[in-house]
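Novice: For reference, the sequence and a predicted model appear below.
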Amino acid sequence: MAIAIKDISVKDIRFPTSRNLDGSDAMNAISDYSATYVTLITDREDLKGYGLTFTIGRGNDLCVSAVKSLAELFVIGRTLEEITANFGQFWHELVSGDCQLRWVGPEKGVIHLATAAIINALWDLWARSENKTVWKLLVDMKPEEVVKCIDFTYITDVLTPEEALTLLRRVESGKAQREQEMFEYGFPGYTTAAGWLGYSEEKMRQLARQAVADGWTHLKQKVGADLEQDMRRAAILREELGWDRKLMMDANQIWGVDQAIAAMRKLAQFDPLWIEEPTSPDDILGHAAIKARIGDIGIATGEHAHNRVMFKQFFQAGAMDFCQLDPARLGGLNEVLAVVLMAAKFGVPVCPHGGGVGLCQYSLNIVLFDYIAVSASLENRVLEYVDHLHENFEEPLVIKRGRYYPLQQPGYGVKMKAQTLLDYSWPDGREWLN
Ligand SMILES: C[C@H](O)[C@@H](O)CC(=O)C(=O)O
Ligand SMILES: [Mg+2]
């Protein structure tokens, strides 16, 4: 029996993370981690789909409004089966089917964030209807089925459906063994939780010490507000980490190209594995110029790369060493699949963005798919972990000794607790009325 999508509920959920400066960086000093939270209501009482996109507070209402506009035109009244039968084509229709809504993108900004919330809710619904997690739904698919989920518009010059099939078939035989390995050993992670820029140096040192004791081998530091301060903080982190563990740095787009080069030449003494978002996220050639002039420090970027075309060009230009795609900034999982496959073709490791509410959960599904069914490699692959707000989700994340273990409950992992939706609704949830 077909599953009909009867209605959609969209909530503006905001968490007051700015109170403790959680999530703070050089560009985003006071962010209130927020979600545009979508529930797809079906004709089955016991079956709904849950998805979200991430913002940092003000503007979340714009995403709520955009979700409603898209859902009215393209989702309500459809069946899950007709959508998933040719998911790539549906995705194309959602982003391009209405030229008036497309105009306020295209495929970027608020309208694309809204696309992500809807698309990810559809994946959650699909996975729940199959009683699987999203990552398991994906790894169990035949290569042809994965490819059918992708809209290849604008990328066939670097990746055709046939090439995508070849990439997926290449590693098909080892999938079961790699899946088992993930349950046994988990996927390597790194923590950003100690390095927020608003934390005092003492707090950062304590958190870094704790992170080492907890088994983390990779830690990310926020930089870019003040170079002297960055160096002081990096020295503290090196004291705590030693030199065998990896230190990453994230400038959150604060520098111009020349500033980035100058800063990283100074910060190179702390042996960073990568510098993340050293400049404007749209400046592909700028990233390439920085990469050429800072020795062997890697360039990591992607959390603000808004669509597959950006990634295509970053790969073509050799301007990205670590692909930090964001599961809720790209237009949901269908577009993520396109980027994961392009990354595999160019040999760039996928280390998705986790710094936001629900992003660690989404990204865990993505890295499991990437490792099990696409890249078959753990080399240079680490998944970001931030340690706040996870208690708001129904399924807990399992992290042991700095490694993530597979999600196991059906869906995409972002269903929020009912009490959370009441308490953190903007502007009249209990937390905000207080
Ligand atoms: C505003 C967010 O917390 C941002 O700092 C996250 C980020 O850049 C990351 O996790 O990386
Ligand atoms: Mg970042």
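Specialist: Perfect, I can see it now. In this text, all values refer to a predicted model and were calculated from it rather than measured experimentally. Ligands and ions are numbered 1, 2, ... in the order given.

Novice: interface residues of the stretch 151-300 of the chain facing ligand 1?
Specialist: By Cβ under 6 Å from any ligand atom, the part of the stretch 151-300 of the chain that sits against ligand 1 consists of T192, D250, N252. Heads up, the C-betas are built off the backbone N, CA and C, glycines and all.

Novice: Break down the stretch 1-150 of the chain into its helices, ranges please.
Specialist: Shown for the stretch 1-150 of the chain, the helices assigned by DSSP state H, counting those that start in this stretch span residues 60-74, 80-85, 87-96, 99-103, 109-129, 134-139, 143-148.

Novice: Would you mind telling me which of those is nearest F369?
Specialist: Across the helices of the stretch 1-150 of the chain, F369 has its closest neighbour in helix 134-139 (4.5 Å, Cβ to Cβ).

Novice: any idea how far the residue in the chain that ligand 1 sits nearest to lies from V38?
Specialist: Nearest residue of the chain to ligand 1, counting by Cβ to the nearest ligand atom: G355, 1.8 Å away. Note on G355: its distance to V38, by Cβ to Cβ, to the nearest Å, is 21 Å.

Novice: do A418 as well
Specialist: Separation of A418 from V38 (Cβ to Cβ) stands at 15 Å.

Novice: what about those two, which has more around it?
Specialist: Each of A418 and V38 has its neighbours counted (other Cβ atoms under 10 Å); V38 has more, 31 against 9.

Novice: Quick one: residues contacting that one.
Specialist: 8-10, 49-52, 67, 71, 117-118, 120-121 (Cβ atoms under 8 Å, 6 or more residues apart in numbering).

Novice: how far out from the middle of the chain is stretch 347-357?
Specialist: Distance of stretch 347-357 from the chain centroid (Cα atoms, centre = their mean, to the nearest Å) equals 6 Å.

Novice: Would it count as contacting ligand 2?
Specialist: No. With Cβ under 5 Å from the ion as the measure, stretch 347-357 is seen stopping short of ligand 2, the closest distance being 5.6 Å.

Novice: when you give positions from now on, start the count at 11
Specialist: Taking 11 as the first residue, the last one we looked at is stretch 357-367.

Novice: how many other residues sit next to whatever residue of the stretch 111-260 of the chain ends up closest to ligand 2?
Specialist: Nearest to ligand 2, among the residues of the stretch 111-260 of the chain, is D260, at 4.3 Å (Cβ to the ion). The tally of other residues near D260 (other Cβ under 10 Å) stands at 29.

Novice: cool, the one 5 residues further on as well?
Specialist: W265: 23 surrounding residues under other Cβ under 10 Å.

Novice: Angles on the backbone of it, please.
Specialist: phi -100, psi 160 (degrees, to the nearest 10).

Novice: Can you verify my assumption that it contacts T289?
Specialist: Yes. With contact defined as Cβ atoms under 8 Å, W265 counts as touching T289 (5.5 Å).

Novice: What lies in contact with stretch 228-244?
Specialist: Contacts to stretch 228-244, defined as Cβ under 8 Å, 6+ apart, come from residues 34-37, 198-202, 204-207, 211, 214, 218, 221, 247, 251, 255-262, 264-265, 273, 276-277, 280, 282-283, 286, 392, 394, 412.

Novice: Wait, a helix at Y200?
Specialist: No. Counting by DSSP: H, G, I helix; E, B strand; the rest coil, Y200 is not found in a helix; it is strand.

Novice: tell me the contacts of it?
Specialist: The contact partners of Y200, by Cβ under 8 Å, 6+ apart, come to W226, T227, H228, L229, K230, K256, M258, V392, L393, E394, Y395, G412.

Novice: Quick check: residues of the stretch 111-260 of the chain near ligand 2?
Specialist: Contact residues (Cβ under 5 Å from the ion) of the stretch 111-260 of the chain with ligand 2: D260.

Novice: pLDDT weak spots in the stretch 111-260 of the chain?
Specialist: Judged by pLDDT under 70, the stretch 111-260 of the chain has no weakly predicted residues.

Novice: Excluding residues flanking it in the chain, which one is nearest E182?
Specialist: In this structure, E182 finds its nearest non-sequential neighbour in P153, 6.8 Å apart by Cβ to Cβ, 6 or more residues apart in numbering.
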